[in-house]
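Student: I would like the atomic coordinates for the input below:
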Amino acid sequence: MNIPCSIIKDLLPLYHDNVCSEDTKRVVEEHLKTCPDCRGEYEKMLAADGIVSSAYDEERERMIAESYKHVKRRNTVKIIIASVLTLVLVCILAALTMFGIKLYKTWPVYPQPVKSVETVEKLRTELEKDG
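Tutor: Numbers count the residues shown, from 1 in each chain. Reported below is the predicted structural model:
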């Protein structure tokens, strides 16, 4: 079957993208085996495809790198904020602990356990007399 090169050149993009029928694919492959001009056109398509994909890959890699930089910057800020908040919390807990120890030392100490309401009343009146 002898198909003109102009028709094969029209079919090459479909063949390249693998969207043609099996019959068309077989006809184009047979023609490419025998026609150096059409084979050269197809090789140009393949070469251009490689150039486009490599340019796409470089742009994609650049965008991914920028994204990673942004995420790293954001995570660094979060770590700094968490560290500062932890330090503040430790200082507050230390101050409260020291204040609590100071309060504990000033609480009244009873030599014997309180056994009844009357004893509590006696202690209260004694404290009022002393105070």
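Student: longest helix in this protein, by residue count?
Tutor: helix 36-106 (DSSP state H).
Student: let me see the mean pLDDT of it.
Tutor: Mean pLDDT, helix 36-106: 82.
Student: repeat for stretch 118-131
Tutor: The average pLDDT within stretch 118-131 is 78.
Student: which helix or which strand is home to residue 18?
Tutor: Counting by DSSP states H and E, no helix or strand carries residue 18.
Student: distance of it from residue 130?
Tutor: Distance, residue 18 to residue 130, by CB to CB, to the nearest Å: 101 Å. Heads up, the C-betas are built off the backbone N, CA and C, glycines and all.
Student: what helices or strands is the longest helix of the chain leaning on?
Tutor: Helices and strands touching helix 36-106, by 3 or more CB pairs under 8 Å, 6 or more residues apart in numbering; DSSP states H and E, are helix 5-16, helix 22-34.
Student: quick one: name whatever helix or strand follows it.
Tutor: Toward the C-terminus, helix 36-106 is succeeded by helix 117-130 as the next helix or strand (DSSP H and E).
Student: that older thread, to residue 60, which of the helices and strands packed on helix 36-106 lies closest?
Tutor: Proximity to residue 60, assessed across the helices and strands packed on helix 36-106 by CB to CB, is greatest for helix 5-16 (21.9 Å).
Student: name the residues that touch the closest one?
Tutor: For helix 5-16, contacts defined as CB atoms under 8 Å, 6 or more residues apart in numbering pick out 20, 24-25, 27-29, 31-32, 35, 37-38, 41-42, 45-46, 49.
Student: and those, which are buried?
Tutor: 20, 27, 28, 31, 32, 35, 38, 42 (16 or more other CB atoms under 10 Å).
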